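structure, please.
(3 chains)
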Amino acid sequence: MSNAIPLAPLPLSRAEAEAMLQRQVKKHHVAVILVHWFNAITWILEVSTGIALISSPLFRVAPDWYVAMFTGLFGGRANLLQFHIALGLTWMFVLLPYGIFGFRNYVSGEMLKVTDKDDIRWLIVRTLKILGKSDEPLPPQGSYNAGQKAFSMVVWFMVPVVMITGVIMAFQLISPAVVGWAVSFHFLAVGMVVAGLVVHVYMGAIFPEERPAFFSMITGTVNELYAYNHHFKWWREVKVAQAAWDKTHETAEEAAASETQEQEPPGEAPA
Amino acid sequence: MKSKITRRRFLGATATASAALAATPALAGPKSHPPAWRGTERVDEIATTCEMCFWRCGVVASVVNGKVVRVKGNPEHPQNQGRLCARGNAGTRLLYDPDRLKTPLLRTGERGAGEFKPVSWDEALDYLADKLLKLRKEHGAESVAFFPHGNGARFFATLMKAYGTPNSAEPSFAQCRGPREVGYSLTFGQGLGSPEPVDLEESKLIVLIGSHLGENVFTSQINAFSTALSRGAKLITVDPRFSTAAAKSDWWLPIRPGTDIALLLAWMNVLVGENLCDTEYLASYATGFDKLAAHVKQFTPEWAAPITDLPIDKIRETARAMGQAKPAVAVHPGRHVTWYGDDTQRARAMAILTALLGSWGRKGGIFLPTPVERGSFELPDFPDSARGRADGAGTRFPLAIEELGVTNGLIDATISGDPYPIKGWIIYGQNVLESIPQPARTIEAMKKLDLVVVVDVLPVDQIQYADLVLPEATYLERYDPPTIVESAKRPFVAVRSPACEPLYDSKPGWWIAKELAKKLDLGDFFPWKTPEEHLATLLAPLELDGKTLLNCGAVSFPGQPYLEDKLPEERTFDTASGKIELYSQDLADIGADPLPRYTPPAEPYKGFVRLIYGRAPMHSFARSQNNAALHALMPENEVWFHPSVAMTFGIANGDRVALENGDGIRSDPVRVRVTEGIRSDCAYMVHGFGQKSKSLRRAGGRGASDNGLMSQVSVDPLTGGTGMRVNFVRPVKA
Amino acid sequence: MVTDLRKCVGCHACTVACNGEWDVPPGEARTRVRMTPLAGSFPELSSSTYVAQCNQCDHPPCIEPCPSGATYQDATGVIRVDQDVCIGCGFCIEACPYEARHISARTKKVDKCDFCAPRIARGAEPACVSTCPANAKHFGDLEDRTGDVHRMVFHDGARRIESASVAPGPNVFYLGDDAHLDLVQASFPPRPPRLITAGETLKRLFKPLVIGVVGLTFLGQAVAFFTQLHKGEGDFDE
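This next block holds a predicted model:
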């Protein structure tokens, strides 16, 4: 790869690729990682207890034995409900500041912009490729790919619904009719998130191509080759930012003829 | 004449020691109420006597940490046996009503403006004592009139007698059961008392004349009524309105209002004419049958039918049913009977009917009270009144019972100054603006007074005319004199004792009376130190341990409810002849009809209908409308109109109208109920609503007051009872 | 429970006693006294009182729609609401043919008559039965051949209020003559159980939708997974 930063992904030589494979780029702040796994555990527990809470044969999604098992496990439905509510509120308590402070990033950042041509194309190509029906290269993506962004959109619309309806049900707010509708919408919103989670979990934990992404949720970094191949636009941003940083730094260094400073790439993904 | 009548026992409550009661009370081992536990909370169960109405049912108050959490029926109580009506069950809602009077209040503004300042009890009682002493000095003790109601009033009654005034009158006479007591006394030598001793449960046929049992609910009476019905007793209901009782009746006779005496005479005509009377009974106990038979001969069902607007055959059929069921026929004497001013005569007619059927003192008819002896205190002599009573009891109203008095007589005297000026009123436990008709006159009288004192629990309308308002503790917070009920098949003694400390700065009646007596230098009339001591002394002859009574709430004794329980020589009647007087020489002597005669009531004006009124089972008089639980069940009253009346006036079900009476007086807006269940010549509403006091945050401004529309009364010349069903109304735009 | 409408005078003592016993706020009621409209025309009229409360049905239509399982039938057959599990959604209220359930303003949860189960457990009668001035209410075991309730139902002809279409097997019986009971039945017919719109939406729209969407995504991922297994992981290396 030449010194010039490419505008579009170019084929890499094996040497270049191997060199990039060795270099790590920081992707996630440690807070993001912690929140992610807290979120993951909470969702597992809340969804499994939530399913067990729906005992009505009209609405039930889990079999009898499942409901009975959880009821028994918690020593009664009251405890099960108490646990579900307590954990849900805790989750809200943790997530709310995260969401509120991160909101600007998400809305103004790229997370919610799935409008661009590459993103739509990516979703089609990605699907076809998985099914082995296309050899077309994936269109370049930002720090999050179109699939992640689509999921994130679902989350960003549905999680507030989950929270609001949850609180309404937990404290019987407003009116019985509203509580009644809260039951329905809580179920719907969670259902939509769960549908997204099925893809999210498969892509993140099972699908081999995205394995670096999975590990990045532990280490916080991805290798540059993965970034180049899967998140080219982000890779380029990082590179451009780094070059600019390097340049100003060099100028300053020359002027001051001073010592080197530790370099930090500024292209950290928005939380 | 006067002395002859008053010597007799008009009231069951007048005590005569009886051999029957010498025996020790037969108790099935008095059961006390030990504390119960609710989890780790101690629940004290206090047995006491209800006062949501005046029926005196036994209740148990459950108390947790000094708070009464529940009032329920006392299973050990001989009268209600654990059962309790809606009002009784709502007792805590009175106790914890935030609108209660909280401190003594002294008037600051004009009388009627309702401006007061809170004062201490010391200030209040000093003020009152000064005023009373001044009035006695300047106008004589008789210038102060007393308007009591209920058990607690007896402490004040003693005080007023000691102070020197004979002028005491409660609405339970002239606005309620007075003519009944007199009419039955004239016939049988004794009145009925309260609770009225009607042997409903053993009855084969119940006759209700204007009585609306079911809407008028007294727990034990309803129990007996229902028991009889479920045992197959027949029911005749005479009522212009399709009442709850009418709906359970075998015969509903929707009579033209005011013509009951005509129906009663026609019934007698059939009983006598068809030989359906209890001739053996009459031969043994009654006098004047021949005169009666001759008198009723003319009053055939054919004569009565057009008067009463009832079918001839129904009149005959019901009379025959009575004749067949005798003597177990309960002709209910009614309770509020002051309707048309001829009420003593109507009561006489009902008493005579009862006698013809042989049901006085017989199973299933009217049973007899059993006297209960009671103790007394050694009191100084009460001062004599030289000027006599001002209410006309015994004079203007020759047969009025002096112990109960004539309220309207006192109001007349206050306005006219005749026979002498009345300067002060003390009102205890009643609402004179709702309980006595012609409230405009009552207000006029109150405005003329130098002193108006109201002792009450709630800020009812009348307090705005008071100079001094004294907040009394509710029945759940105070001792009252013991309840001694003789007119029960098993007579009983019961107590009212406090379940908790008085709330706010309210005080029990006994304390107020005793403290005021001290300030008036009449402390000797209250020789007891504590209310427990008062109780023990009064019950001493019964050899009852006060503690036992306090524990179980009530103790009953064997009674002698039927004539057959008595020795033949004891089966006498306290009349001049010693017999049941079908023909009343006493009445003839004072120039009244010795045999009842029908006189047509005033007809409604053209374009008006007669206003009749009654009770709802969830309210007592005008005193329960602010109770949260009862208010929720019935927040306001409705006025009933027959569809044809509604059509005439162009009103529909659910409309809000005002009612205007013949004198142009208008009610507050009230909702219309258009129903087939009422005759087209009358309108009906439940009494007690339309209170104005804004301090009653629930009851204030809800519904319309029937009493406010009673600008006319037809006064019974014999008793002073105010006939109130002589007011005519029409709906007008609200 | 047998309510003798010949005896009942409609005094509301049951309602107030119940309210006091269970701290039910004024204006709400676990048991309610009602009066039928008048039948006939003056002077041939007829009407009856009616005491409505939970009928503790043999086949209670209120249990199925309760999403959380708060409503249940206990060992004695009484329908109860676990206050710790109820979320106050009101699905059961519309399901009740007898309008016997309401949301308590105090707890915001569903409240209803449970035949005073805690009182029964300690050997007392339900509060309404012990307070009834008219002695119109009788409580006992229907199976107990020596009991009053058995006699009233099997010999005196106490009736249930149910119709051909709505017959959940109510366990409150009414005594009275046929004409009055017919009037009560006609005035207060059992209402066909209904699932409220929110529940209907959940049942008919949201539940199939969620199952469909989750199912599809799951299916999609399964296809992907099997493709992955088929192609081998190596193929994805770059």
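
can you list the low-confidence ranges for chain C?
Scanning chain C with the threshold set as pLDDT under 70 gives C:232-238.

find the closest residue to chain A in it.
Per Cβ to the nearest Cβ, C:V210 is where chain C lies closest to chain A, at 2.8 Å. Quick note: C-beta positions are derived from backbone N, CA and C, even for glycine.

ok but that residue is inside a strand, no?
No. Using DSSP: H, G, I helix; E, B strand; the rest coil, the assignment for C:V210 is helix, not a strand.

not counting sequence-adjacent ones, nearest residue to it?
Excluding its sequence neighbours, the residue lying closest to C:V210 (Cβ to Cβ, 6 or more residues apart in numbering or on different chains) is A:G191, at 2.8 Å.

the one you found reaches C:G212, doesn't it?
No. Applying Cβ atoms under 8 Å, one finds A:G191 not in contact with C:G212, separated by 9.4 Å.

of the two, who's got more company?
Of the pair A:G191 and C:G212, A:G191 is the one with more neighbours under other Cβ atoms under 10 Å in any protein chain shown, namely 21 against 12.

in which helix or strand would I find the more buried one?
Here A:G191 sits within helix A:176-201, counting by DSSP states H and E.

which helices and strands does that helix pack with?
Judged by 3 or more Cβ pairs under 8 Å, 6 or more residues apart in numbering or on different chains; DSSP states H and E, the packing partners of helix A:176-201 are helix A:30-53, helix A:146-171, helix C:91-95, helix C:197-201, helix C:207-231.

switch to 6 Å and redo it
Applying 3 or more Cβ pairs under 6 Å, 6 or more residues apart in numbering or on different chains; DSSP states H and E, one finds that helix A:176-201 makes contact with helix A:146-171, helix C:197-201, helix C:207-231.

between the helix or strand hosting A:P212 and helix A:30-53, how big is the angle?
Here A:P212, judged by DSSP H and E, is contained in helix A:211-219. Interaxial angle of helix A:211-219 relative to helix A:30-53 (axes from the mean of the first three to the mean of the last three Cα atoms, to 10 degrees): 100 degrees.

list the contacts of the residue nearest to the spatial centre of chain C.
The centre of chain C sits closest to C:C96, judged by Cα atoms, centre = their mean, with a distance of 4.6 Å. Counting by Cβ atoms under 6 Å, 6 or more residues apart in numbering or on different chains, C:C96 touches C:C62.

tell me how far it lies from C:P168.
Distance check for C:C96 against C:P168: by Cβ to Cβ, to the nearest Å, it reads 9 Å.

so can I have CSV of the helices and strands packed on helix A:176-201 showing distance to B:D593?
Listed next are the helices and strands packed on helix A:176-201 as CSV, based on distance: least, Cβ to Cβ, whole Å:
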stretch, distance to B:D593
helix A:146-171, 74
helix C:197-201, 72
helix C:207-231, 83
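
A:A68: neighbouring residues, count only.
There are 13 residues near A:A68, going by other Cβ under 10 Å.

which SS class is it?
Once three-state DSSP is applied, A:A68 turns out helix.

can you list the residues of the stretch 601-734 of chain B near chain C?
Neighbours of chain C within the stretch 601-734 of chain B, by Cβ under 6 Å from any Cβ of the partner chain: B:617-618, B:628-629, B:632-633, B:676-677.

grab the nearest non-local neighbour of the one residue in the stretch 101-250 of chain A that gets nearest to chain B.
Going by Cβ to the nearest Cβ, chain B is nearest to A:P176 of the stretch 101-250 of chain A, at 19.5 Å. In this structure, A:P176 finds its nearest non-sequential neighbour in C:G90, 3.7 Å apart by Cβ to Cβ, 6+ apart.

determine which two of the residues of the stretch 601-734 of chain B next to chain C are furthest apart.
B:A628 and B:E676 (33.5 Å; Cβ to Cβ).

beta partners of B:V485?
Beta-bridge partners of B:V485, counted by DSSP bridges, are B:F492.

for it, grab the count of nearby residues.
With other Cβ under 10 Å as criterion, B:V485 counts 25.

how about chain A: which residue is closest to chain C?
Residue nearest to chain C within chain A (Cβ to the nearest Cβ): A:G191, separated by 2.8 Å.

does that residue touch C:L209 like I think?
No. Between A:G191 and C:L209 there is no contact under Cβ atoms under 6 Å: 7.1 Å.

can you pull the pLDDT of residue 213?
The chain I'm using is chain A. pLDDT, A:A213: 70.

I was thinking of chain B, sorry if that wasn't clear
For B:L213, the pLDDT comes out at 96.

same check on A:W37?
pLDDT, A:W37: 88.

how close does it get to A:V94?
Distance from A:W37 to A:V94, counting by Cβ to Cβ: 12 Å.

burial measure for C:D178, as a count.
Number of residues near C:D178 (other Cβ under 10 Å) recorded here: 10.

and the one 10 residues further on, by the same measure?
Residues lying near C:F188 (other Cβ under 10 Å) number 16.

for the nearest residue to it once chain neighbours are set aside, what are phi and psi?
Take C:F188 and drop its neighbours on the chain: the residue closest to it by Cβ to Cβ, 6+ apart is C:Y50, 5.6 Å away. Backbone geometry at C:Y50, expressed as degrees, to the nearest 10, gives phi -150, psi 130.
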